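Peer 1: All I have is the shape, not the residue letters:
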């Protein structure tokens with residue numbers, strides 16, 4: 001297929017590609033960006049197109065893969081940004097001086113935590129320290145479902161203990 005024929009076919013499916021992009025992104029601006037990126041990739045990888053194959057399907061595949069790759073990239077960026085936000089929140093909490101009221105509340109929470117049975121306290125504490133469920137299960141030698149159940153039970157028992165003492169607002 002000549003360059004002119006290729007470009008004409010590409011322009012012929014442009015409107016349909018835009019509607020496909022709109023169905024993927026649900027946003028006009030993002031759909032226009034996806035369309036532009038897909039057309040650019042189709043032109044860039046023109047040599048990969050094989051004659052006597054479905055041109056429209058080839059271009060749709062480029063668009064779908066472009067969308068998926070961009071979505072994955074955005075998710076990774078979001079995870080990094082979420083982690084950064086979480087770390088900044090922790091730094092803020094560490095940097096803020098404790099008020100007398102918060103010191104009393106923390107002491108009461110710690111006493112309630114100490115009163116929990118070790119079977120509940122240990123998985124709860126490990127999860128609070130940042131361990132993943134599977135890491136807790138491996139370290140304690142118990143099934144992951146048991147870990148989740150014990151953490152859930154620990155939360156509820158702590159809430160009951162603290163509510164009884166009017167600690168939770």
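Peer 2: Cool, got the structure. Since this is a predicted model, take the numbers as computed values, not measurements.
Peer 1: can we go C-alpha only for contacts and neighbour counts from here?
Peer 2: Noted.
Peer 1: Please report the distance of residue 132 from residue 149.
Peer 2: Distance from residue 132 to residue 149, counting by CA to CA, to the nearest Å: 14 Å.
Peer 1: typo on my end, residue 162
Peer 2: 20 Å.
Peer 1: And for residue 24?
Peer 2: Taken as CA to CA, the span from residue 24 to residue 149 is 38 Å.
Peer 1: Neighbour count: the two, which is higher?
Peer 2: residue 24 (16 against 13; other CA atoms under 10 Å).
Peer 1: OK, contacts around the more buried one?
Peer 2: 31, 67 (CA atoms under 8 Å, 6 or more residues apart in numbering).
Peer 1: where's it, which helix or strand?
Peer 2: Element membership of residue 24, judged by DSSP states H and E, is helix 14-25.
Peer 1: what comes up buried for that helix?
Peer 2: Counting neighbours by 16 or more other CA atoms under 10 Å, one finds that the buried residues in helix 14-25 are 14, 17-22, 24-25.
Peer 1: Just give me how far it sits from the chain centre.
Peer 2: Computed by CA atoms, centre = their mean, to the nearest Å, the chain-centroid distance of helix 14-25 equals 25 Å.
Peer 1: moving C-terminal of that helix, what's the next helix or strand?
Peer 2: Moving toward the C-terminus from helix 14-25, the next helix or strand (DSSP H and E) is helix 28-44.
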